[in-house]
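Asks: what shape does this take:
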Amino acid sequence: MAKLYFYYSSMNAGKSSSLLQADFNYRERGMHTMVWTAKLDTRSNGRVKSRIGLESPANLYTEETDLFTVIGEAHEERALDCVLLDEAQFLTKAQVWQLSRLCDTLNIPVLCYGLRTDFQGELFPGAAILLGIADALVELKAVCWCGRKATMNLRVDGMGRPVSEGEQTEIGGNDRYVALCRMHFAAALGGDVDAVG
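Replies: Residues are numbered from 1 along each chain as shown. Coordinates of the predicted model:
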């Protein structure tokens, strides 16, 4: 039976590079994969890109995309051995259930990669349902500047100062977010500028 996997972490843990490595491993063995990423992430331009320079073309999904139907139709044309999805935190609850149906009814493994929490320590909707129903949860490790495991994503402004309010989603990379351990995250939000690193 195929499984639904959720690989999660804070920023800079190598989620995209891990996805690209898994995709390469399938394709190297002559298997057929389908890679997806969120259209909401305007930096992607239809590609999954890692910070270490790896990248691959990807299908784009929006909140309106019926992933079960679109992927199911592609599977009918050419059997899929695996579906890999980046930026899984942006999935809707319905889309996560659609992905689980791909596993349960079409026997296609689905590997989702994404953030667990936002810049306020709150679960993203896609991450929340994945944490609830995925068959396998895998935490990828990022490192805080102090050497501890980074589990939090601190949003910073253009001057590198912590931001504690705003929309849940604001697209950005190292210019807008810093991966921190919980202790330094809380200290930074409490006004300790040195906690940012």
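
Asks: contacts and neighbour counts: CA atoms only from here.
Replies: Noted.

Asks: where do the helices sit along this structure?
Replies: For the chain, applying DSSP state H gives helices covering 15-28, 67-77, 93-106, 125-133, 182-189.

Asks: which of the ones you listed has the lowest average pLDDT?
Replies: Lowest mean pLDDT of the helices of the chain: helix 182-189, a mean of 87.

Asks: what's around residue 29, how many residues?
Replies: By other Cα atoms under 10 Å, 8 other residues sit near residue 29.

Asks: so for it, what's the pLDDT?
Replies: 96.

Asks: just to revisit the earlier point, can you redo the helices of the chain as a markdown table with distance to residue 60 and mean neighbour count?
Replies: Below are the helices of the chain laid out as a markdown table (distance: least, Cα to Cα, whole Å; neighbours: other Cα atoms under 10 Å):
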| stretch | distance to residue 60 | mean neighbour count |
| --- | --- | --- |
| helix 15-28 | 15 | 17 |
| helix 67-77 | 10 | 15 |
| helix 93-106 | 13 | 19 |
| helix 125-133 | 16 | 20 |
| helix 182-189 | 32 | 19 |
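
Asks: nearest to residue 85, of the ones you listed?
Replies: The closest of the helices of the chain to residue 85 is helix 15-28. By Cα to Cα, the value is 7.9 Å.

Asks: how far off centre is the closest one?
Replies: Centre-to-centre, helix 15-28 and its host chain are 14 Å apart (Cα atoms, centre = their mean, to the nearest Å).
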